[in-house]
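Q: Return atomic coordinates for the entry below.
(chains A and B)
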Amino acid sequence: MIIDTHGHTKDVNYPINSTEVVDAATMIDAMDRFEIEQMWISPTSGMVNDCHEHNIIQYKNFKKLYPKRFVNFAVINPYYPEQMKEEIRICFEEYGFSGIKIHSWLQSFFIHQPGMYHIMEQAIKYNVPVLFHDGTPPYASTLQAAGIAERYPELQVILGHAGLYDETRSAIQACNLHENIWLCLMGTTIGETREVFRDVKRKDHLLFGTDYCCGGAGRIPESIIPNRIDTVRLACPSDELYEQVMYWNAKKLINL
Amino acid sequence: MKIIDSLSFIGQGKYKNQNAEELIRKMDQNGVEKALIAPVDEYVVAYNTEGNLLVQAACAAYPDRFIGYAVANPWFGNKAVNSLKRALENGLSAVYFDSSIQGFPINDHIIDPLMNVCKEYNVPAYFHTGTPLFALPFNLHYLAIRHPDVRFLLGHLGANDFVSDAIPSLYGRDNIWLETSLALTPAMTRFMKVIPDRVVFGSCSPRSEISYELKKLRYGEPEQSALEKALSKNIETVLGVNYR
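A: Numbers count the residues shown, from 1 in each chain, chains lettered A, B, ... in the order given. Below you'll find the predicted structure:
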């Protein structure tokens, strides 16, 4: 079985003018076919629209319907500091969210600024991990996100793409330097994924993700799931480590 | 169906390691008839002449299986021009650039003397793309405007995060083709449907695997004619009639 630690829900208006909505049953069907027991999800539309509205849609239309299959990550927007204080309280105290998702590239802000630091302090208060998009300069380079882990050693930081194609080695260095960094293997090449398996010291800090279903549903959009499973399968040196990365490490980080 | 792999590597490098025989074995396992090969890592950045000799030797050993990329780093100035001319005169059929490790934006004028060599010898130029800020699809677009007589291969469809720029970067240009390695099935499928004459298959082996790259390409069940073009016909067009 697989725990996909980097998934999304898809609602209207992302990409621009999109009207496609993927419902929970469709996602569950795809998850079943690829043996994904659980998916950690955040609302893609919430990154470019009202995050409160989309966080609550995700709770009502996904988490509430399939509480064991979905783990909710709230999208938080530092451009609205006062509203976010309440948003964080609502998400974690009333709706039982399990983490925070930051996509500073799509959300258009620099990671290191006072508004973000406040959000990170709230994540520490609620003891939830923060999942960053990383690997895309100038707003979301891997070491910008890793800098949060260095600043807040008690915070659990997940680098959501382990550096993508160009910053994998930075992700490896960061993960080896800071004990509070986890790497999600999603978006690295087979070659660099092999380097991750070889060079990361704490193998229990390696996770798996797919990005499903940010591109929508159906055979072609959901092909990112087998594409990414194949990458890890081909790169991983042993069956034991494969199971650890695809399932048990995530279970240890968030065990509902 | 005939398969030509438009990008793979040989040599023992800092990060990539694969000898000619290993690559031939993978090609045989996956029904790949020919592969365009470039030397790895430091040969691309610094030891260009040695890299070219390595590729020439592999092409001589397997003339029916390999087509050779030459490498040249424009920072070496006239030395690079002369080295590249020698490599092309010795049978290499295209030129491979990775400006993200060679140290220049694709559209920087430093590359112009080497583009003039490509035009003079009528060979295509491959550029790695997807890496900000030196190697993005629109950097190549500007170079292609400046050198309309050179045929360009845009590497990796701009993957990861710049796939959305790949098709827009073709606007007004008939001298750019898109190479698929490292991209994912949704992009490959869409591009084969929308611009079937501009897509060429590559594996980027050993950074990726031939089997994996072919599986991604076929997963979307593209039209047979589009698949045939991507797997061989388009790269034959790019290479021209004189490739070896």
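
Q: Now find how far off-centre stretch B:160-176 is within its chain.
A: Taking Cα atoms, centre = their mean, to the nearest Å, one finds stretch B:160-176 lying 15 Å from the centre of the chain it belongs to.

Q: With stretch B:129-147 instead?
A: For stretch B:129-147, the distance to the chain centre is 14 Å (Cα atoms, centre = their mean).

Q: Could the C-alpha coordinates of whichever helix in chain B runs longest be exported in CSV?
A: Counting residues, the longest helix found in chain B (DSSP state H) is helix B:48-61. What follows is helix B:48-61, C-alpha atoms only, in CSV (Å, rounded to 0.1, in the frame of the first residue of the first chain):
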residue,chain,number,x,y,z
ASN,B,48,35.2,19.0,-24.7
THR,B,49,37.8,17.6,-27.1
GLU,B,50,38.2,14.4,-24.9
GLY,B,51,34.4,14.1,-24.9
ASN,B,52,34.2,14.4,-28.6
LEU,B,53,36.9,11.7,-29.1
LEU,B,54,35.0,9.5,-26.7
VAL,B,55,31.8,9.8,-28.8
GLN,B,56,33.7,9.5,-32.0
ALA,B,57,35.2,6.2,-30.8
ALA,B,58,31.8,4.8,-29.8
CYS,B,59,30.3,5.8,-33.1
ALA,B,60,33.2,4.1,-34.9
ALA,B,61,32.7,1.0,-32.9
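
Q: Buried residues of that helix, list them for me.
A: In terms of neighbour count (16 or more other Cβ atoms under 10 Å in any protein chain shown), helix B:48-61 has its buried residues at B:48, B:49, B:51, B:52, B:53, B:54, B:55, B:56, B:58, B:59. Backbone N, C-alpha and C define where each C-beta goes, glycine included.

Q: Which elements pack onto that helix?
A: The contact analysis (3 or more Cβ pairs under 8 Å, 6 or more residues apart in numbering or on different chains; DSSP states H and E) places helix B:48-61 against strand B:4-12, strand B:34-39, helix B:41-45, strand B:66-71, helix B:78-89.

Q: cutoff 6 Å now
A: When contacts are defined as 3 or more Cβ pairs under 6 Å, 6 or more residues apart in numbering or on different chains; DSSP states H and E, helix B:48-61 sits against strand B:34-39, strand B:66-71, helix B:78-89.

Q: mean confidence score for that helix?
A: Average pLDDT, helix B:48-61: 98.

Q: how far does it sit from the chain's center?
A: What separates the centre of helix B:48-61 from the centre of its chain is 16 Å, taken as Cα atoms, centre = their mean.

Q: same question, stretch B:93-104
A: Counting by Cα atoms, centre = their mean, stretch B:93-104 comes out at 10 Å from the chain centroid.

Q: contacting residues around that stretch?
A: For stretch B:93-104, the surrounding residues in contact (Cβ atoms under 6 Å, 6 or more residues apart in numbering or on different chains) are B:38, B:44-45, B:67-71, B:73, B:106, B:110, B:118, B:123-128, B:131, B:134-135, B:243-244.

Q: Then stretch B:105-119?
A: Contacts with stretch B:105-119, where a contact means Cβ under 6 Å, 6+ apart, come from B:72, B:74, B:81, B:84-85, B:95, B:99, B:104, B:125, B:127, B:134-135, B:139-140, B:142-143, B:147, B:149-150.

Q: Can you report how many residues lie near the closest residue to residue B:136 other than its chain neighbours?
A: Nearest non-adjacent residue to residue B:136, counting by Cβ to Cβ, 6 or more residues apart in numbering or on different chains: residue B:162, 5.6 Å away. Neighbour count for residue B:162, taken as other Cβ atoms under 10 Å in any protein chain shown: 20.

Q: and if you look at residue B:2?
A: By the criterion of other Cβ under 10 Å, residue B:2 has 12 neighbours.

Q: Name the SS class of residue A:100, please.
A: Under DSSP: H, G, I helix; E, B strand; the rest coil, the three-state class of residue A:100 is strand.

Q: That one reaches residue A:75, doesn't it?
A: No: when contacts are counted by Cβ atoms under 6 Å, residue A:100 is not listed as touching residue A:75 (7.9 Å).

Q: Of the two, which one has the most company?
A: residue A:75 (27 against 24).

Q: so what's that one up against?
A: Residue A:75 touches A:42, A:43, A:46, A:47, A:51, A:101, counting by Cβ under 6 Å, 6+ apart.

Q: what ranges do the helices span in the chain?
A: Going with chain A. Under DSSP H, chain A gives helices at A:24-33, A:51-58, A:81-89, A:104-107, A:114-126, A:142-151, A:168-177, A:190-199, A:224-235, A:239-243, A:249-253.

Q: if you could check chain B rather than the one you did, that'd help
A: With helices called from DSSP H, chain B shows them at B:20-29, B:41-45, B:48-61, B:78-89, B:99-102, B:112-121, B:137-146, B:185-194, B:210-219, B:224-228, B:234-239.

Q: Can you report how many residues lie near residue 119?
A: Here I'm looking at chain A. 20.

Q: You answered for a different chain; I wanted chain B.
A: Around residue B:119 there are 14 other residues, counting by other Cβ under 10 Å.

Q: Quick check: it vs residue B:73, distance?
A: According to Cβ to Cβ, to the nearest Å, residue B:119 and residue B:73 sit 19 Å apart.

Q: again with residue A:54
A: Residue A:54 is 48 Å from residue B:73, by Cβ to Cβ.

Q: Poorly predicted segments of the chain, please.
A: With no chain named, the answer covers chain A. Nowhere does chain A drop to pLDDT under 70.

Q: try chain B instead
A: In chain B, residues with pLDDT under 70: B:241-244.

Q: Let's see that with 90 instead.
A: Where chain B drops to pLDDT under 90, the residues are B:133, B:160, B:241-244.

Q: Setting the sequence-adjacent residues aside, check what's closest to residue 187.
A: No chain specified, so I'll use chain A. residue A:161 (4.0 Å).

Q: actually it's chain B I care about, not the one you picked
A: Residue nearest to residue B:187 in three dimensions, not counting chain neighbours: residue B:163, with 4.7 Å by Cβ to Cβ, 6+ apart.

Q: Ok, residue A:4 next?
A: Among residues not flanking residue A:4 along the chain, residue A:39 sits closest, at 4.4 Å (Cβ to Cβ, 6+ apart).

Q: so what's that neighbour bridging to?
A: residue A:4, residue A:70 (DSSP bridges).

Q: residues touching it, list them.
A: The neighbours of residue A:39, taking Cβ under 6 Å, 6+ apart as the test, are A:4, A:7, A:70.

Q: was I right about the last one contacting residue A:43?
A: No: the pair residue A:70 and residue A:43 fails to qualify as a contact (Cβ under 6 Å) at a distance of 11.5 Å.

Q: Residue B:208 contacts residue A:192, doesn't it?
A: No: applying Cβ under 6 Å, one finds residue B:208 not in contact with residue A:192, separated by 9.9 Å.

Q: Good, we can wrap up now.
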